[in-house]
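K.L.:
Structural data only, the sequence is not supplied:
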């Protein structure tokens, strides 16, 4: 089974990401997944693990933001009996439990600074030291980490070790926000509606063209998770019906009624529209090193429209 096929979508941004992830999966390299909350980092981490040589070994997940600092060290590295109040027996940590397999550290940006040095030591040498122990142990564990924050800002603020970031960031994979892959929204909706129809033994609803238009124009701050939750809610409440704009939550209607701010004001002296358009195309191509698909996304155009306008203005490929 190709586990990357479980990631729904056909957009250029997603295709590029999956191609890179396939290459990464065949190695043991440390991976850092970047992206906003709800973009599917854990799903991608699972696909990488399932396509790796460690697929039949342990796959353990730890959300670094879910535990207090006093427990994370013990959870990761284990502890000896009597190491602290309540340590009534020797307990192995997640790294030991994942020996031979993969450990997924979600929200690595929330890992306390005090624990970061021990994690760095493990990544560099494979050695771990349980809380309250004096001798280290070695394990063979591949680490996939994920962050929903800009770690560079945390480094500047003294909240994250620069050397650990470089050790984690061997192969960075950035998941695009849903607003950057709007062409996948309809594919995701079909997938989720079918999923919930099967889960709840109901007839899946359908979205009208006008409702779909609103969904594609929405900013999706909660990304794929927000879309999934919406599909689940509407599948239950409107099973077998056609969903119209008035059936959507108010925040979607309000967003569709709000004029999009462009941040651009027409100069009093006017402008040369053709020259401005040509200049913006040049800027987009420079920013993406000549990648037409990425440039088109930056400009809010289809790739074919970009090529047409490049030809119209005589803009050469980079």
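P.N.:
Ah, there it is. Quantities reported herein were computed from a predicted structural model and do not represent experimental measurements. Numbering: from 1, shown residues only.
K.L.:
got any ranges where the stretch 1-150 of the chain has weak pLDDT?
P.N.:
When residues are selected by pLDDT under 70, none of them lie in the stretch 1-150 of the chain.
K.L.:
now the strands for it?
P.N.:
Across the stretch 1-150 of the chain, reading from the start of the chain, the strands by DSSP state E, counting those that start in this stretch fall at 31-34, 59-63, 102-106, 127-128, 137-138, 142-147.
K.L.:
and if you look at the stretch 151-300 of the chain?
P.N.:
Going by DSSP E, counting those that start in this stretch, the stretch 151-300 of the chain shows strands at 171-174, 206-207, 242-243.
K.L.:
Return the most buried member of those strands.
P.N.:
Among the strands of the stretch 151-300 of the chain, ranked by average contacts under mean count of other C-beta atoms under 10 Å, first place goes to strand 206-207 (a mean of 19). (Each C-beta comes from the backbone N, C-alpha and C, glycine too.)
K.L.:
Show me how far it is from its chain's centre.
P.N.:
Counting by C-alpha atoms, centre = their mean, to the nearest Å, strand 206-207 is centred 27 Å from the centre of its parent chain.
K.L.:
Assumed residue 317 was part of a strand.
P.N.:
No - counting by DSSP: H, G, I helix; E, B strand; the rest coil, residue 317 is located in no strand; its state is coil.
K.L.:
Can you get me a residue count around the residue nearest to residue 79 when sequence neighbours are not counted?
P.N.:
Closest residue to residue 79 apart from its sequence neighbours, by C-beta to C-beta, 6 or more residues apart in numbering: residue 131 at 3.9 Å. Under the neighbour criterion other C-beta atoms under 10 Å, residue 131 is assigned a count of 18.
K.L.:
do the same with the one 3 residues further on
P.N.:
A count of nearby residues for residue 134, using other C-beta under 10 Å, gives 7.
K.L.:
one step back: can you put the strands of the stretch 151-300 of the chain in a markdown table and add mean pLDDT?
P.N.:
Putting those into a markdown table (pLDDT from 0 to 100) gives the following:
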| stretch | mean pLDDT |
| --- | --- |
| strand 171-174 | 96 |
| strand 206-207 | 97 |
| strand 242-243 | 97 |
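K.L.:
of all the ones you listed, which lies closest to residue 183?
P.N.:
Of all the strands of the stretch 151-300 of the chain, strand 206-207 sits nearest to residue 183, with 15.5 Å by C-beta to C-beta.
K.L.:
who are the neighbours in contact with residue 171?
P.N.:
Counting by C-beta atoms under 8 Å, 6 or more residues apart in numbering, residue 171 touches 20, 24, 29, 30, 31, 32.
K.L.:
Would you mind measuring from it to residue 142?
P.N.:
For residue 171, the distance to residue 142 (C-beta to C-beta, to the nearest Å) stands at 12 Å.
K.L.:
Thanks again, I'm all set now.
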